[in-house]
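Trainee: Got a sequence here, can you build the structure:
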Amino acid sequence: AAAMGDEHPEETLLQFPCRFPIKAIGTHGPGFESHVVEIIRRHAPGGAQLEVSSRSSAGGRFLAVTVVIEAESKAQLNSIYRDLVASTRVKMAL
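Mentor: Residues are numbered from 1 along each chain as shown. The predicted structure is shown next:
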C-alpha cells in the first residue's frame, strides 16, 4: 500500500470529509431510485442523511438518480462506483 502523500495529485484535490454528489443512470422502472440508494447506503456511515433527487430523461425511458453523501475517502467513493457499475440495473455512474 502506498504511504500517505504518495497518491496522485488529482486525488488530493478533494478534501475529506466532503459533500459529494453521485449520479447513477438506469432504465426507468419501479424501485430504481431505492436500488441506487441501497447500494450507496452500504458504504455510507450508519444512518447518514442522504440527499436524493431523481430526474427522468426527455422520453421517460431513463432515470438519473443523484445522491449527495458525506464522502469520507477516495477508497469509499471507489467502492460505491464499483458496486454501482456492477449492478445490472445501472447503465452509467458519474
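
Trainee: okay, the lengthiest helix in the chain in PDB with CA atoms only?
Mentor: Ranked by number of residues, the top helix in the chain under DSSP state H is helix 74-86. Provided in PDB are the C-alpha atoms of helix 74-86 (Å, rounded to 0.1, in the frame of the first residue of the first chain):
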ATOM      1  CA  LYS A  74     -11.400   8.200  -2.100                       C
ATOM      2  CA  ALA A  75     -11.500   4.500  -1.300                       C
ATOM      3  CA  GLN A  76     -15.100   4.900  -0.100                       C
ATOM      4  CA  LEU A  77     -16.100   6.600  -3.400                       C
ATOM      5  CA  ASN A  78     -14.200   3.900  -5.500                       C
ATOM      6  CA  SER A  79     -16.200   1.200  -3.700                       C
ATOM      7  CA  ILE A  80     -19.500   3.000  -4.300                       C
ATOM      8  CA  TYR A  81     -18.800   3.400  -8.000                       C
ATOM      9  CA  ARG A  82     -17.600  -0.200  -8.300                       C
ATOM     10  CA  ASP A  83     -20.800  -1.500  -6.800                       C
ATOM     11  CA  LEU A  84     -23.000   0.800  -8.900                       C
ATOM     12  CA  VAL A  85     -21.400  -0.300 -12.200                       C
ATOM     13  CA  ALA A  86     -21.600  -3.900 -11.100                       C
END
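
Trainee: Next, the buried residues of it.
Mentor: Within helix 74-86, the residues that count as buried by 16 or more other CB atoms under 10 Å are 76-77, 80-81, 83-84. C-beta coordinates here come from the backbone N, C-alpha and C atoms, glycine included.

Trainee: and of the residues you listed, the nearest to Phe20?
Mentor: In terms of CB to CB, no member of those lies closer to Phe20 than Leu77, at 6.7 Å.

Trainee: Please report the distance of the closest one from Val37.
Mentor: Taken as CB to CB, to the nearest Å, the spacing of Leu77 relative to Val37 amounts to 16 Å.

Trainee: List the contacts of stretch 37-50.
Mentor: Under the contact criterion CB atoms under 8 Å, 6 or more residues apart in numbering, stretch 37-50 has outside partners 22, 24, 52, 65, 67-70, 72, 76, 79-80, 83-84, 87, 90.
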